[in-house]
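**Student:** any chance you can model this:
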Amino acid sequence: MHLRRGHRVRPSTARALRTGRSLGALLATLACLPVLAQSARAAVPASPAAPVLGWQALTNPPPFNPGAMFLLTDGTVMVQDLSSDSAGSPDWWRLTPDSMGSYVDGTWSQLASLPSYYGPGAYAAAVLPDGRLAIEGGEYNNGVEPWINLGAIYDPVTNAWTMVGPPNGGTGDWSKIGDAPSEVLADGRWLVGDSGSGTTADAILDPSTLTWKTTAGPGKVIGNAEAGFTLLPDGNVLTVDVLPPACTTRGTEILDRATLQWSRAGPMPAPLVDCGDINEIGPQIMTYSGKVFVAGTTGATALYDATNGIWSAGPSFPAISGDQQDGEDSGAALLPDGKVRVASRTGEVDAATPTHFFLFDGASLTQAPEYATSTEAGLMYMLLLPTGQVLYNGWPAGLHIFTDPGAPNPAWAPTITSLPTRLAGGETYTLAGLQLNGLSDGAAFGDDYQSSTDYPLVQITNDGTGAVTYARTSGMTNRSIAPQASSSTHFTLPAGIATGSSALRVIANGIASAPVAVDIGAGGSGPNSCPNYTLSLATGGTGLGTVSSSPAGIACGGACSNTYANGTIVTLTAAPASGSAFAGWSGAGCSGSGPCLVTVNSNTSVAATFNLIPETLAVAKKGDGKGAVTSSPTGISCGTSCRHAYDYGISIRLAARAASGSSFAGWAGACTGKASCAVRMTAARSVTASFVRDCVVPTLRGKGLTAARRSIKAHDCSVGRIGHAFSTKVKKGRVISQKPKPRRRLTHGAKVRLTVSKGRKPTR
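**Tutor:** Next up, the predicted model:
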């Protein structure tokens, strides 16, 4: 992994930023700072005081029964009250760090409650790119187990919940959602898997419109129940099959970020799920080594290499006091030093057995220190804090914080590439950088509980007092965890933030960027002053079609453009017009005919090609005559070629020409009659041209009537009126005369009249 280094601030500039003297025009020039000094120690999680290593209980224990925990983008932790029966309630609380950034010494305040009818337990959840918290479904609701399909979004700015309808209006597969897996995709949309109905169905929420796009989980083999989703650096999503027959097939599946199609990701080296009545899985988490660590319920673990797609066996959990340990429905967190801290249990989820902890260092599992009250397996939820510490919910022991002694690799840290350096309280600004979302989800659980922290937090430390303030982030242009992925985010300073020179860091998954010197004052640079970039789209080819984008901004057939914030992932989708086909993309690294995903970090152009669909015109000839059919434009020339492909919508005119001794009898199929045939190629067409031989009147005098009839037909004529007359020269029943005369050439089927002898006239 290569960390791109930025340009360095000149010493005179750095001194001015540190001292805050005579900034004036200098700060105006640095309104969108492109050059930032970096140091290795700046990547260490920021904390104003040396933390206590190991376990600590909170100074102020929660005045409620804590459940699910989420790190909001303003640096506070939002925690659900599980109620006394530990099965969910509508009530929520906030843990706010103290003025020096300590969560151990943080304080509690109650937040807005959900409607009384929605008190979920075991559900899908995510902090969205706009900073709101989304929850969906629930295996439990207010203490009962209905596998509900309700959902809601919490806005920390207004301290209010908004109910969100389920996918597909709550019908079909979405009549139940339950303990669903979910993942925020790299483009910022939220993927939720249906669990309550036991299907493979997926749905994607667009946070900007709060509308769902439902799918049937195309290509997915095993249902979503009890499974977890993990975002990969390339934007795809990995899941391990849990439901039967996964215990024997050891199947895994992967979702393609562009096509939203599932495919097999290869078998695990060993079974990770049991073949019993209860099918569960342990946490799966992306590590800094580029591999996904998956803890199983059989005691085994596995590693998925996100670079080459190869599975390998991981170390197995040991037995402790004769009890085999496993990761069933347990939590894990990726520590800043790169190790995975994972909780273990023995037996089923509800078993009253002790909780143990292990550290996975990429090769082995080593038992880790336990806090004194970890006497019974409970929730085992983990949440990464901006300080690099882990907030652990080990009910019934309560909330504790674990501090890791290790330090991160500087290459894992976010990098700020542009930032206004003169800031004011209450204002919103934009910063841009690399790896602002980190390189992993940060934390994971067995299935339903998601506590990802793959998004940027902005921490500001006052140089004079050491006071720590978090500026709420929102408007993230993407949620990619690819190494060196570029993106940007808005950040809003609290109105009461202390003024003076300060250090600003971006933190993702507990790892901080190098500090940037900023000045907090009454004034400040203009909000959102960092540059945006233009994405231009042009269509070409022989056909027609339109291209639309998500996020919105591109919608045209021809040429159009839109401006996006630096790092925005834009998905372009092509829709050919009737009669046209989409031939593919070019530009911005896009190719093929699937959706085009563009990371807008510079002015970028993309071209979409649409070509007309060829439609085939087939001409057939029938009849006993001879002739030719030609076309304008050229292509048909029967009998050389009686089939040709023409561009959609073109008009073709066919002409029939009979050979000598033949006549054109008319058209059938796409044309009728004998006039020229005009065909518009809006679909495949077929036409039949009939040619018949001309009538050449035979010599019939003296022939019997039956023979005369046969001769007329043989010469492509038809028998006309037959008269009778007495004749002394021609025997009775034979032809006396005919009209027309022999050897006359007439049209096919021309009538030949006959006079047939009645013999001699009788005498009296």
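**Student:** contacts and neighbour counts: CA atoms only from here.
**Tutor:** Fine.
**Student:** measure the residue nearest in space to the middle of the chain to Val342 for me?
**Tutor:** With distances taken as CA atoms, centre = their mean, the residue of the chain nearest its centroid is Arg257 (4.4 Å). When distance is defined by CA to CA, to the nearest Å, Arg257 is 28 Å away from Val342.
**Student:** same thing with Ser662?
**Tutor:** Counting by CA to CA - Ser662 and Val342 are separated by 91 Å.
**Student:** what segments of the stretch 51-200 of the chain are strands?
**Tutor:** All strands of the stretch 51-200 of the chain, identified by DSSP state E, counting those that start in this stretch, fall at 54-57, 66-71, 77-81, 92-96, 107-110, 120-121, 124-127, 133-138, 140-141, 148-155, 160-163, 182-184, 190-193.
**Student:** just checking: what are the partner strands of the fifth one?
**Tutor:** Pointing back at strand 107-110 there. In its sheet, strand 107-110 lies beside strand 92-96 (antiparallel), with partners assigned from DSSP bridges.
**Student:** swap in the last one?
**Tutor:** Using DSSP bridges, the strands paired with strand 190-193 in its sheet are strand 182-184 (antiparallel), strand 202-206 (antiparallel).
**Student:** re earlier: ok, now which ones touch the residue nearest to the centre of the chain?
**Tutor:** Residues in contact with Arg257 (CA atoms under 8 Å, 6 or more residues apart in numbering) are Leu185, Gly235, Asn236, Val237.
**Student:** picking that back up, out of the strands of the stretch 51-200 of the chain, indicate the one that is most buried.
**Tutor:** When you average the neighbours per residue for each of the strands of the stretch 51-200 of the chain (mean count of other CA atoms under 10 Å), strand 120-121 leads with a mean of 32.
**Student:** mean confidence score for that strand?
**Tutor:** Computed over strand 120-121, the mean pLDDT rounds to 94.
**Student:** mind giving me the packing neighbours of it?
**Tutor:** Here strand 120-121 touches strand 133-138, strand 140-141, going by 3 or more CA pairs under 8 Å, 6 or more residues apart in numbering; DSSP states H and E.
**Student:** re the thing from before, as TSV, the strands of the stretch 51-200 of the chain with distance to Pro483 would be great.
**Tutor:** What follows is the strands of the stretch 51-200 of the chain, written out as TSV (distance: least, CA to CA, whole Å):
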stretch	distance to Pro483
strand 54-57	30
strand 66-71	23
strand 77-81	27
strand 92-96	31
strand 107-110	36
strand 120-121	35
strand 124-127	21
strand 133-138	26
strand 140-141	38
strand 148-155	30
strand 160-163	35
strand 182-184	17
strand 190-193	21
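**Student:** out of these, which is closest to Gly327?
**Tutor:** Proximity to Gly327 (CA to CA) singles out strand 66-71 among these, at 18.5 Å.
**Student:** in terms of secondary structure, what does the closest one contact?
**Tutor:** If you count contacts as 3+ CA pairs under 8 Å, 6+ apart, strand 66-71 packs onto strand 77-81, strand 381-384.
**Student:** got the angle for that strand vs strand 133-138?
**Tutor:** Strand 66-71 and strand 133-138 are oriented at 140 degrees to each other (axes from the mean of the first three to the mean of the last three CA atoms, to 10 degrees).
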